[in-house]
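1. After the sequence you'll find the predicted model.
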Amino acid sequence: MATLPILVNIISSLMLASVIFMISRRGLYTCIIFFTLHSALLSLAILAVAVGMGEPHLYIGFISTLVLKVIIVPAALYWMIKEIKIKREVDFYINTTVSLLAAVLMTVFSFYLVQNISNHVSAISETALVFAFAMILIGFFMVISRTQAVTQMLGFLIMENSLFLLITMTTFGIPLFIEAGISFDVVVALLIMGIFLFRINQTFAHINVSELRGDRE
């Protein structure tokens, strides 16, 4: 399928844009919306590779991503925010301007990284690889630069989505039992995080990580 690289380039660029918009917004609900969009685009990328490369097992990955990441996880996050009564504003350790600059630098670094490994890695699209690496780095940046536990969890989920995109672009998917294991891990991690959030909120009446450090001191 000659148009497959172009299609995955467009989808991966939109995924990167959704992550950049996410780190520039302060509303928790807005962040969840952008994560849902990011996951929906990932499912489209998986579907495109499944059709374009003739990889039937990727249809399972497409369905599981669509159900888990686009429906179940966002709904669970909305429910947590409502039940715990989390304030809707996201607090930053690093301001928006610096965060956006960091995102640009991480994208440039990812381009440099892919250029150096492109001779050793076969992929559907080098551009999609660049964006996947950049989103993994930006997801990690979200984990360390946000004070709300929910947005830190979103950072981990962005990293997981981006890693799945990277695997799909380079290996045309992973075995079905591994995909099932990853999906199960995400569900378990979400349940554990939900339990911790409820316990932390009951004990400290907030889930702000920086304030928790202050309480400990």
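-> Thanks, I have it. Everything numeric in this text was worked out from a predicted model, so none of it was measured. Numbering: from 1, shown residues only.
2. Tell me who's in contact with the spatially most central residue of the chain.
-> Centroid-nearest residue in the chain: Ile158, 1.1 Å away (criterion: CA atoms, centre = their mean). Ile158 sits next to Val19, Met22, Phe35, His38, Met135, Ile138, Gly139, Met142 when contact means CB atoms under 8 Å, 6 or more residues apart in numbering. C-beta coordinates here come from the backbone N, C-alpha and C atoms, glycine included.
3. what's the neighbour count on Gln115?
-> By the criterion of other CB atoms under 10 Å, Gln115 has 11 neighbours.
4. you'd agree it is in a helix?
-> Yes - under DSSP: H, G, I helix; E, B strand; the rest coil, Gln115 sits within a helix.
5. Would you check how far apart it and Thr30 are?
-> Using CB to CB, to the nearest Å, Gln115 is found at 34 Å from Thr30.
6. now Thr36
-> As judged by CB to CB, Thr36 and Thr30 stand 11 Å apart.
7. and what of Leu154?
-> The gap separating Leu154 from Thr30 is 11 Å, by CB to CB.
8. Likewise for Lys82?
-> 15 Å.
9. what sits against Gly54?
-> For Gly54, no residue meets the contact criterion (CB under 8 Å, 6+ apart).
10. To which secondary structure element type does Arg25 belong?
-> Three-state assignment for Arg25 (three-state DSSP): coil.
11. what helix or strand does the residue nearest to it when sequence neighbours are not counted sit in?
-> Closest residue in space to Arg25, ignoring its immediate chain neighbours: Cys31 at 6.0 Å, by CB to CB, 6 or more residues apart in numbering. Cys31 belongs to helix 28-53 when elements are defined using DSSP states H and E.
12. got the buried residues for the helix or strand following that helix?
-> Moving toward the C-terminus from helix 28-53, the next helix or strand (DSSP H and E) is helix 58-65. Burial within helix 58-65, assessed by neighbour count using 16 or more other CB atoms under 10 Å, is assigned to Leu58, Ile60, Gly61, Phe62, Ser64, Thr65.
13. again, but for stretch 143-157
-> Buried, per 16+ other CB under 10 Å, within stretch 143-157: 145-157.
14. Can you flag which of the residues you listed belong to helices?
-> Within the buried residues of stretch 143-157, residues falling in helices by DSSP state H are Ser145, Ala149, Val150, Thr151, Gln152, Met153, Leu154, Gly155, Phe156, Leu157.
15. so how far is Phe156 from the nearest residue to the last one once chain neighbours are set aside?
-> Of all residues beyond its chain neighbours, the one nearest Leu157 is Phe35 (6.3 Å), with distances taken as CB to CB, 6+ apart. If you measure Phe35 against Phe156 using CB to CB, the figure is 11 Å.
16. Repeat that for Thr171.
-> Taking CB to CB, one finds Thr171 at 22 Å from Phe156.
17. Same check on Ala103?
-> Taking CB to CB, one finds Ala103 at 17 Å from Phe156.
18. ditto for Val70
-> Separation of Val70 from Phe156 (CB to CB): 17 Å.
19. go on, Ser122?
-> In this view, Ser122 and Phe156 are 28 Å apart by CB to CB.
20. thinking again about what came up before, of the buried residues of helix 58-65, closest to Ser13?
-> Set against Ser13, the nearest of these by CB to CB is Thr65 (18.5 Å).
21. Thanks a lot, catch you later.
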